[in-house]
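*Asks:* quick one, fold the following:
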Amino acid sequence: MNNNHSTERGVTHWSTIVVIILSVLVAVTGSLAIWSYMSYSEQKSDVDSRIALKVSEAEKLQAEKDEEKFAEREKEPNRKFVGPSDYGRVTFDYPKTWSVYESKDASSGGTYQAYFNPIIVPQVSSSQKFALRVTIEDKTIDRVLVNYATAVKKGDLKSSEISVAGVAGTRLDGAFSKDLRGSAVLFKIRDKTLTIRTDVETFKPDFDKLIKTVEFNQ
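*Replies:* Numbering: from 1, shown residues only. The predicted structure is shown next:
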């Protein structure tokens, strides 16, 4: 009788141990499953975030490229600038999205000045930046170039030779002042000097295209 009770107690004891072990295994397995799922979710969320960021960056880059292409298309067809006949009648093509303002028309002699800028030409001042400025002075080119000699010597401006439509000139690239940095070309027109300049490096591509279209009627 005692043996039967001992046997039953032994079976019950081992059954309890087995149940405990199985419970622990189930708990551990469940914890591992939950941990694995959470880890997968975090990794998936991180990957999804990276993909979304890359897609957003690609869309932004494409939008910027499309905007640049649209802006370039909007500049076409170009308009033609025609300078005063008494000053050699200089002509060149410029973007149609630019406006022009003649500050001094030289109708009674003196210096001719014209300013160009996208949409609106701001008020003219010594520190104001323009997409393009055209000046025709009643001075020889040597006298005008003297004004840039110091900047060239210091290295603020780089001077080089240029030829457009068979007319030789001088090109300057760099800082014209503390606030103005761009490019300019100077040509001799009869006894006068023509200067075409951009004050902002952003407009150098437009400036370079424009210079190629310059024509003279000396």
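*Asks:* for this protein, give me the ranges with low pLDDT.
*Replies:* 1-14, 18-19, 52-53, 55-76, 218 (pLDDT under 70).
*Asks:* can you pull out the strands in it?
*Replies:* For the chain, the strands defined by DSSP state E cover 79-82, 91-94, 98-104, 112-118, 132-137, 157-164, 167-175, 181-189, 192-198.
*Asks:* can you lay out those strands as TSV showing distance to T213 and mean neighbour count?
*Replies:* The C-beta positions use only the backbone N, C-alpha and C, and glycine is treated the same way. Converted to TSV, the strands of the chain look like this (distance: least, C-beta to C-beta, whole Å; neighbours: other C-beta atoms under 10 Å):
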stretch	distance to T213	mean neighbour count
strand 79-82	9	14
strand 91-94	4	19
strand 98-104	14	16
strand 112-118	14	20
strand 132-137	12	22
strand 157-164	9	13
strand 167-175	13	17
strand 181-189	12	21
strand 192-198	11	23
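*Asks:* so which of these gets nearest F216?
*Replies:* F216 lies closest, by C-beta to C-beta, to one member of these: strand 167-175, at 5.5 Å.
*Asks:* please, where are all the helices along this protein?
*Replies:* 2-74, 141-154, 204-212 (DSSP state H).
*Asks:* so T213 sits against V90, correct?
*Replies:* No - under the criterion of C-beta atoms under 8 Å, T213 makes no contact with V90, lying 10.8 Å away.
*Asks:* hmm, back to that, any chance of the strands of the chain in TSV, plus distance to G30?
*Replies:* Converted to TSV, those look like this (distance: least, C-beta to C-beta, whole Å):
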stretch	distance to G30
strand 79-82	76
strand 91-94	75
strand 98-104	71
strand 112-118	67
strand 132-137	74
strand 157-164	74
strand 167-175	71
strand 181-189	68
strand 192-198	71
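*Asks:* which one of these lies nearest to K44?
*Replies:* When the strands of the chain are compared by C-beta to C-beta, strand 112-118 sits nearest K44, at 47.2 Å.
*Asks:* helices or strands up against the closest one?
*Replies:* With contacts taken as 3 or more C-beta pairs under 8 Å, 6 or more residues apart in numbering; DSSP states H and E, strand 112-118 sits against strand 98-104, strand 132-137.
*Asks:* among those, which is nearest V124?
*Replies:* strand 98-104 (5.5 Å).
*Asks:* mind checking how far the closest one is from the chain centre?
*Replies:* From the chain centre to the centre of strand 98-104 is a distance of 25 Å (C-alpha atoms, centre = their mean, to the nearest Å).
*Asks:* what of stretch 44-55?
*Replies:* The chain centre lies 27 Å from the centre of stretch 44-55; the measure is C-alpha atoms, centre = their mean.
*Asks:* for that stretch, buried residues please.
*Replies:* Using 16 or more other C-beta atoms under 10 Å as the test for burial, stretch 44-55 gives no buried residues.
*Asks:* contact partners of that stretch?
*Replies:* Stretch 44-55 has contacts (C-beta atoms under 8 Å, 6 or more residues apart in numbering) with no other residue.
*Asks:* what count of nearby residues applies to D138?
*Replies:* With neighbours defined by other C-beta atoms under 10 Å, the count for D138 comes to 14.
*Asks:* contacting residues around the nearest residue to it once chain neighbours are set aside?
*Replies:* Once flanking residues are discounted, D138 sits nearest to K192: 5.6 Å by C-beta to C-beta, 6 or more residues apart in numbering. By C-beta under 8 Å, 6+ apart, the contact set of K192 is Y87, G88, I136, E137, D138, K139.
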